[in-house]
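Undergrad: Compute the structure for the input listed below.
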Amino acid sequence: MTSSTISVMLKGEPEPILEGEFYDKIKVEESYWSLEDNNYLLLNLEKAREVIWGTVLKGDREIDTKHVDNAKRLEEFDLETQGHLQKVLYEQNRKLRGLPTTEEQKKIDLMNRLKQMPGSPFFG
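TA: Below you'll find the predicted structure:
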């Protein structure tokens, strides 16, 4: 396996039984293969990006990704992603209530402080 391709061969056979390019990149260091009952090949592929693949290998028949339920509970994400998602939800909630976003509020506060500085044309 590489980050974008896979080739599976049986020992002593000239042709691969599976070969191709992944739909998207994988994390090679977190992906692995194993044999089950010395009869089944199990592949565990860790996606490099959390996206829905239309297929595993390019060129194979693709599924309609619009019909895939990709809903996840917030707790299923890593802590960093949870923090980003919570911030996005917080900012969306502020906008829905007609309030400025956190960044907009920082700019408003800065302008108000500048207006109150001595020598400002807007002082007082």
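
Undergrad: Now the helix or strand bottoming out on mean pLDDT in the chain: buried residues?
TA: Taking mean pLDDT, DSSP states H and E as the measure, helix 79-96 is the helix or strand of the chain with the lowest mean score, a mean of 88. By neighbour count, with 16 or more other C-beta atoms under 10 Å as the criterion, the buried positions of helix 79-96 are Glu91. The C-beta positions use only the backbone N, C-alpha and C, and glycine is treated the same way.

Undergrad: what kind of secondary structure is Gln105 in?
TA: Three-state secondary structure (criterion: DSSP: H, G, I helix; E, B strand; the rest coil) places Gln105 in helix.

Undergrad: Report the contact partners of the residue nearest to the spatial centre of the chain.
TA: Centroid-nearest residue in the chain: Glu50, 3.5 Å away (criterion: C-alpha atoms, centre = their mean). Taking C-beta atoms under 8 Å, 6 or more residues apart in numbering, we find Glu50 in contact with no residue.
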